[in-house]
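**Student:** just a sequence and a predicted model for now, questions to come.
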Amino acid sequence: MRPFLIAPSILSADFARLGEDVDAVLAAGADVVHFDVMDNHYVPNLTIGPMVCQALRNYGVTADIDVHLMVKPVDRIIPDFAEAGASIITFHPEASEHVDRTLQLIKESGCKAGLVFNPATPLHYLDHVMDKLDVILLMSVNPGFGGQSFIPTTLDKLRQVRKLIDDSGYDIRLQVDGGVKVDNIGEIAAAGADMFVAGSAIFNKPDYKAVIDEMRAELASVEA
Ligand SMILES: O=C(CO)[C@H](O)[C@H](O)COP(=O)(O)O
Ligand SMILES: [Fe+2]
């Protein structure tokens with residue numbers, strides 16, 4: 001498996017001083033910036049769009065920006081995010097009329113592409129698109145809000161998807177998002193995840209480095 005990646009969700013960052021907060025979490029050892037886009041339609045919350053992604057790039061953020069689209073329809077906003085500096089774009093397959101077309105659109109825009117599965121979304125959407133995926137994201141909460149509790153059945157789903165990825169031979173990251181904390185990241189990694197989104201667990205603590213170091217210590221015991 002590839003090195004574990006920690007991707008703080010800026011949903012729990014301080015939006016009034018977002019650039020500074022993103023710099024701080026990257027300086028604390030985060031690998032990737034997880035950028036949650038909610039449209040008050042596909043999910044019952046409203047967050048940030050391509051202008052904010054561009055603003056982070058203009059501010060000087062060079063780390064990968066992982067855009068998690070919780071929007072419907074999906075396609076129209078993809079070129080805007082690619083131009084605004086997104087590195088990875090993931091979307092929920094049930095929010096797209098044409099999953100294969102949306103994946104192609106992301107790739108043609110120069111970004112890595114991924115599908116996101118809600119806790120009750122079936123995995124059959126993977127059936128004919130494994131060759132086009134860079135990331136599979138399993139939601140371990142229902143999407144729309146930070147600070148929810150990890151849904152334990154996600155562990156079985158992670159094990160299933162880890163096997164699918166390994167059997168496929170494709171180079172696909174297995175990401176998990178929702179309720180990831182120091183005290184459960186080890187078992188989540190052991191179930192097969194290799195990319196960990198954590199919002200409230202990091203941004204709600206005063207010392208981001210201390211949390212990320214503790215997460216890495218838990219992950220190191222899984223790697224060993
Ligand atoms: O996509 C999301 C919610 O829809 C967020 O990325 C997720 O909730 C992260 O927040 P937390 O770590 O606090 O659960
Ligand atoms: Fe997310």
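**Tutor:** Happy to help now that I have it. Ligands and ions are numbered 1, 2, ... in the order given.
**Student:** contacts, neighbours, all on C-alpha from now
**Tutor:** Noted.
**Student:** got the residues of this protein near ligand 1?
**Tutor:** Residues of the chain lying close to ligand 1 by C-alpha under 6 Å from any ligand atom are 9, 36, 143-148, 177-180, 198-201.
**Student:** just the closest of these to Lys157, please.
**Tutor:** The closest of the residues of the chain next to ligand 1 to Lys157 turns out to be Asp177 (C-alpha to C-alpha; 12.9 Å).
**Student:** how near is the closest one to Ile6?
**Tutor:** The gap separating Asp177 from Ile6 is 11 Å, by C-alpha to C-alpha, to the nearest Å.
**Student:** among the residues of the chain next to ligand 1, which ones are in helices?
**Tutor:** With helices taken from DSSP state H, the overlap with the residues of the chain next to ligand 1 comprises Ser200, Ala201.
**Student:** show me the residues of the chain next to ligand 1 that map onto strands.
**Tutor:** Residues of the residues of the chain next to ligand 1 located in strands (DSSP state E): Asp36, Asp177, Ala198.
**Student:** now, of the residues you listed, which are buried?
**Tutor:** Buried subset of those (neighbour count, 16 or more other C-alpha atoms under 10 Å): Asp36, Asp177, Ala198.
**Student:** would TSV of those with distance to Asp166 and pLDDT be doable?
**Tutor:** Putting those into TSV (distance: C-alpha to C-alpha, whole Å; pLDDT from 0 to 100) gives the following:
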residue	distance to Asp166	pLDDT
Asp36	28	98
Asp177	20	98
Ala198	25	98
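**Student:** of the residues you listed, closest to Arg57?
**Tutor:** Nearest to Arg57 among these, with distances taken as C-alpha to C-alpha, is Asp36, at 15.9 Å.
**Student:** right, I'll leave it there.
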